[in-house]
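# got a sequence here, can you build the structure:
(2 chains)
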There are 2 protein chains.
Amino acid sequence: MLLYAGTPAPRNYPQNTWPFRASSHFLYVVGESVPGGWVVFDEDRATLFMHYPDRDDALWHGAGESPAAVGDRLGVEVRPLSEVEAAAFGIDACTVAPPRGTDCARLSEVLQRTIRVGRTAEGDEALRDAMIAARLVHDEVAVAEMRVAADAAQAAFAAGRKHAQPGIREAAVRGRMIAALIERGMSTSFHPIVSVQGEVLHNEHSRGTLRDGDLLLVDLGAETPTGWASDVTRTWPVSGRFSPTQRDLYQLVLDAQLAAIDKVAPGVRYLDVHLTAARVITQGLVDLKILRGDVDTLVADGVHALFFPHGVGHLIGLDVHDMEDLGDIASYAPGRERSTQFGTAFLRMDRDLVPGMAVTIEPGFYQVPAILNDPSLRSLADRVDRNRLARFDDVRGIRIEDDILVTNDGCEVLTAGIPKSTADLDWS
Amino acid sequence: MLLYAGTPAPRNYPQNTWPFRASSHFLYVVGESVPGGWVVFDEDRATLFMHYPDRDDALWHGAGESPAAVGDRLGVEVRPLSEVEAAAFGIDACTVAPPRGTDCARLSEVLQRTIRVGRTAEGDEALRDAMIAARLVHDEVAVAEMRVAADAAQAAFAAGRKHAQPGIREAAVRGRMIAALIERGMSTSFHPIVSVQGEVLHNEHSRGTLRDGDLLLVDLGAETPTGWASDVTRTWPVSGRFSPTQRDLYQLVLDAQLAAIDKVAPGVRYLDVHLTAARVITQGLVDLKILRGDVDTLVADGVHALFFPHGVGHLIGLDVHDMEDLGDIASYAPGRERSTQFGTAFLRMDRDLVPGMAVTIEPGFYQVPAILNDPSLRSLADRVDRNRLARFDDVRGIRIEDDILVTNDGCEVLTAGIPKSTADLDWS
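From the prediction side, this is the model:
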């Protein structure tokens, strides 16, 4: 087996790079991001090929640890980068593609065969499947790291809640939350969402200003120095008080999340967790007279997806969408494929849960004009009482998300320390 | 001419990317980062090929501006991405390589010839030279953007200075400074340096804690939403008071910076600006009895580089090291090459200055054990009085950096609003 960490991605010229993060497969095996590093397992011998610093490195990047010390710490033999080609020559190494094209090109050179981003080359299937099997079930070390990522997210949310007041800009809240992670020597695990336009699912912009009456949706995760992720969403009223309509819909999403979490246990199919959330939301929307019809029929027809158009969650681990670089092969059990139904098609995972798996549970409610007015979704939208829905127009988007570890007898919420708004608890 | 903006660089899997920043050459011509965009100039017609959003984009990323509105705003014809290959077919377009290998591979496909990162392909030399000529001299729009970047850096330094106290972690100061940029809807123009280990020139870590007696070195720049950069370094005593030895060496670096800035004017060779700083530092070190010998001889021999081992600065514009993706061809005038002398070899630029050019001026003083004890630099190190130097061991690294615009009759400091420590001004 030969795995390539990859190289830092340039922002605009070679020396101006994004912070280096090794390929998650390399990270999983080696335990840290070694820039430009390669690890070779040949029989039971592990060798790490890494850059050996010279005088210029000492000047520009600091003396740092010696290669020998790195080897001792990681329990591998260490060799200079220049020797990797000779080491790979003649051994019929299998590999997993790193996430960047440039790195795949370099790996192709070293292995003398074509490696492509997101593809498994012929002969690499067994390694891919072994990596998936290993990474699907988190050990104690992984869980400990995910708790660290959860604690950092908690600190970020505390900083964000404290700062979010009417008149403050979304970007200012974003800045405070990211600063709380940087202060801990961490980064975000993905570009966060900090917006009162919660109906834009992956809203990357924070250009607005918080106003009395707005709901602020924040979807943010931390990444620990060794690459483990958290991923949390909270939605709360900027004023500290929900309106009655906001409270109704918030409670509905919260009920759906709690019901879905309650469902998480070994042996349960993740699609059924998704459908549990969908059913609670649909029942609630019928009760609120926003939807008309029989709940089971509405769910079967996918009408809930007009308001809850994404999946209930995804795997989480070293990647915030764990192993999504491999496509659906890690997240969907053999023989299962994505639904073609609107909404359910966005479900990122459908496996039977086993102890040690970690997933997010993140239902939501959104009013997206492009969905509600889409002619191709007319047969669904006909089930909506538009007059009734108009009364809830102070709700643009609500999502509540936690990271859940499947245990032997149920599950544990890793992000339980991050408070949620409820009817009884306002964040004013 | 066909220029490719490039695509967002993935962190770990395709949908988890670093914030998108187009190639600076594309940015210069088009004026904004269009993800995956292409611009084609054919005779006097400009066409922008861009992604046309569909319903899923509206759901995940927001409705956004229509392609037609983008075209109106930018003054170009707009066409969907799928048509770029047909548009490029048969026109013998010249180009400039984008900074990422993946993007060069895609550009190679579209142009049906090989484009490599950092290389100018045959036939593209005239476009490259025209881009360099245009980008070397900043117009009013560019200067206005660089002032915005300077103002944002000023806000970041104000936040950092306020927070930097004994007992505070370097990472906490880093967080506050970056938050001040995020709050303005901006990012850093490069991974900042926030460290009491100022002698590590590109120290990317902030793992330490500020202590009474430390000097904190911060090298940070802002990037405006359209990609323009600032780049500023300040060094100040954590306690608010320099020690006498720190004050001596700080004053020396400040004198060198002011003398170098004073030298900046049209017609002046940038190497001479560098040597001006080197001479002031050398004279000061002789006066402080750290160096022994004749100043001119010491500078000619490069002895100053033991303590000031880098160049006095670089071009700045859309890139913080402007056009460094082209190698030295933008920064070194035709016929000029990098010196092979230690220290001067790191000078990133040697052109004659013209009005509208922007450069940094950033001399420094550092005690780097790997340099001072390098056997190959023995003939330089013999000129150092080690006993005398030992008295200054509370100075690890000092650098002072500003962004300077060459004007018709001299220069203007774009970052003048960011205060410097002097003997008369402490930042306590």
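
# hmm, who's touching stretch A:150-161?
Counting by Cβ atoms under 8 Å, 6 or more residues apart in numbering or on different chains, stretch A:150-161 makes contact with A:173, A:176-181, A:184, A:186, A:194, A:218, A:220-222, A:224, A:230-232, A:234, A:236, A:403, A:414-415, A:417-418, A:427, all of which sit outside it. Where you see a C-beta, it was placed from the backbone N, CA and C, and this is true even at glycine.

# of those, buried ones?
A:173, A:176-181, A:184, A:186, A:194, A:218, A:220-222, A:224, A:230-232, A:234, A:236, A:403, A:414-415, A:418, A:427 (16 or more other Cβ atoms under 10 Å in any protein chain shown).

# so which of those residues belong to strands?
Cross-referencing the buried ones among the contacts of stretch A:150-161 with the strands (criterion: DSSP state E) gives A:194, A:218, A:220, A:222, A:232, A:234, A:236, A:403 as the overlap.

# what is the fourth one paired to in the beta sheet?
This points to residue A:222. Listed beta-bridge partners, residue A:222: residue A:188 (assigned using DSSP bridges).

# what's near enough to touch it?
A:148-150, A:152-153, A:156, A:181, A:184, A:186-189, A:229-230.

# most neighbours, which of these?
Of all the contacts of residue A:222, residue A:230 has the most neighbours under the rule other Cβ atoms under 10 Å in any protein chain shown, reaching 32 neighbours.

# excluding its backbone neighbours, what's nearest that one?
Nearest non-adjacent residue to residue A:230, counting by Cβ to Cβ, 6 or more residues apart in numbering or on different chains: residue A:149, 3.7 Å away.

# pull the contacting residues for the one you found.
Taking Cβ under 8 Å, 6+ apart as the test, what residue A:149 contacts is A:186, A:189, A:221-224, A:228-230.

# just the closest of those residues to chain B, please.
Within the contacts of residue A:149, proximity to chain B (Cβ to the nearest Cβ) peaks at residue A:189, which comes in at 8.0 Å.

# what pLDDT does that closest one get?
Looking at residue A:189, its pLDDT stands at 98.

# swap in the one 4 residues further on?
As predicted, residue A:193 sits at a pLDDT of 97.

# can you count the residues close to the residue nearest to it when sequence neighbours are not counted?
If you skip the residues right next to it in sequence, residue A:193 has residue A:219 as its closest partner in space, 4.1 Å away by Cβ to Cβ, 6+ apart. Applying other Cβ under 10 Å, we find 23 residues neighbouring residue A:219.

# who touches residue A:219 in this structure?
By Cβ under 8 Å, 6+ apart, the residues touching residue A:219 are A:192-193, A:231-233, A:399, A:401.

# buried subset of these?
Burial of these was assessed by neighbour count (16+ other Cβ under 10 Å); the buried members are A:192-193, A:231-233, A:399, A:401.

# chain B versus the residue nearest to residue A:230, what's the distance?
Look at residue A:149 and chain B: by Cβ to the nearest Cβ, to the nearest Å, they are 14 Å apart.

# how about residue A:123?
22 Å.

# hmm, that residue is touching residue A:111, no?
No. Under the criterion of Cβ atoms under 8 Å, residue A:123 makes no contact with residue A:111, lying 10.3 Å away.

# which non-adjacent residue is nearest residue A:215?
If you skip the residues right next to it in sequence, residue A:215 has residue A:235 as its closest partner in space, 5.4 Å away by Cβ to Cβ, 6+ apart.

# which residues does that neighbour bridge with?
Counting by DSSP bridges, the residues bridging with residue A:235 are residue A:217.

# in stretch A:196-216, which residues are buried?
Neighbour-count burial for stretch A:196-216, counted by 16+ other Cβ under 10 Å, picks out A:196-201, A:203-206, A:208, A:210, A:214-216.

# and if you look at stretch A:284-295?
Counting neighbours by 16+ other Cβ under 10 Å, one finds that the buried residues in stretch A:284-295 are A:284-286, A:288, A:290-291, A:295.

# in CSV: those residues, plus pLDDT and distance to residue A:410.
As requested, the buried residues of stretch A:284-295 are exported to CSV (pLDDT from 0 to 100; distance: Cβ to Cβ, whole Å):
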residue, pLDDT, distance to residue A:410
A:284, 98, 24
A:285, 98, 28
A:286, 98, 29
A:288, 98, 30
A:290, 98, 32
A:291, 98, 31
A:295, 98, 26
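
# show me where pLDDT drops low in chain A?
Applying pLDDT under 70 to chain A flags the ranges A:422-428.

# list the contacts for the residue minimising distance to the centre of it?
Geometric centre of chain A, nearest residue: residue A:320, 2.7 Å, by Cα atoms, centre = their mean. Under the criterion of Cβ under 8 Å, 6+ apart, the contact list for residue A:320 reads A:189-190, A:221, A:223, A:229, A:231, B:16.

# residues contacting the closest residue to residue A:347 other than its chain neighbours?
Using Cβ to Cβ, 6+ apart and skipping the chain neighbours, the partner closest in space to residue A:347 is residue A:311 (3.3 Å). The contact partners of residue A:311, by Cβ under 8 Å, 6+ apart, come to A:274, A:344, A:346-349.

# helix or strand for residue A:311, which one?
Assessed by DSSP states H and E, residue A:311 sits outside every helix and strand.

# what does it show for phi and psi?
Taking degrees, to the nearest 10, you get phi -80, psi 160 for the backbone angles of residue A:311.

# the residue nearest to the centre of chain A belongs to a strand?
No. Residue state for residue A:320 (DSSP: H, G, I helix; E, B strand; the rest coil) corresponds to coil; a strand is not indicated.

# do you know how far it is from residue B:61?
18 Å (Cβ to Cβ, to the nearest Å).

# ok, now residue A:150?
From residue A:150 across to residue B:61, the span is 27 Å (Cβ to Cβ).

# follow-up on the earlier one: tell me which of the contacts of residue A:311 is nearest to residue B:82?
residue A:346 (23.7 Å; Cβ to Cβ).

# was I right about the closest one contacting residue A:308?
No. The pair residue A:346 and residue A:308 fails to qualify as a contact (Cβ under 8 Å) at a distance of 10.1 Å.

# more neighbours, those two?
Ranked by neighbour count (other Cβ under 10 Å), residue A:346 and residue A:308 place residue A:308 first, with 26 against 17.

# OK, contacts around the spatially closest residue to the more buried one that is not a sequence neighbour?
Spatial nearest neighbour of residue A:308, chain neighbours left out: residue A:281 (5.2 Å); criterion: Cβ to Cβ, 6+ apart. Going by Cβ under 8 Å, 6+ apart, residue A:281 touches A:252-253, A:256, A:304, A:307-308, A:363, A:365.

# mind running it again at 6 Å?
Residue A:281 sits next to A:256, A:304, A:308 when contact means Cβ atoms under 6 Å, 6 or more residues apart in numbering or on different chains.

# only C-alpha atoms, please: export the helix or strand harbouring it in PDB.
Residue A:281 is located in helix A:270-287, with elements delineated by DSSP H and E. Written as PDB, here are the backbone C-alpha positions of helix A:270-287 (Å, rounded to 0.1, in the frame of the first residue of the first chain):
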ATOM      1  CA  TYR A 270     -30.400   5.200   8.100                       C
ATOM      2  CA  LEU A 271     -33.100   5.800   5.500                       C
ATOM      3  CA  ASP A 272     -35.600   5.000   8.200                       C
ATOM      4  CA  VAL A 273     -34.000   7.600  10.500                       C
ATOM      5  CA  HIS A 274     -34.500  10.100   7.600                       C
ATOM      6  CA  LEU A 275     -38.100   9.000   7.100                       C
ATOM      7  CA  THR A 276     -38.800   9.300  10.900                       C
ATOM      8  CA  ALA A 277     -37.800  13.000  10.700                       C
ATOM      9  CA  ALA A 278     -39.800  13.400   7.500                       C
ATOM     10  CA  ARG A 279     -42.900  11.900   9.100                       C
ATOM     11  CA  VAL A 280     -42.700  14.200  12.200                       C
ATOM     12  CA  ILE A 281     -42.300  17.200  10.000                       C
ATOM     13  CA  THR A 282     -45.200  16.200   7.800                       C
ATOM     14  CA  GLN A 283     -47.500  15.400  10.700                       C
ATOM     15  CA  GLY A 284     -46.600  18.800  12.200                       C
ATOM     16  CA  LEU A 285     -47.300  20.700   9.000                       C
ATOM     17  CA  VAL A 286     -50.700  18.900   8.700                       C
ATOM     18  CA  ASP A 287     -51.400  19.900  12.300                       C
END
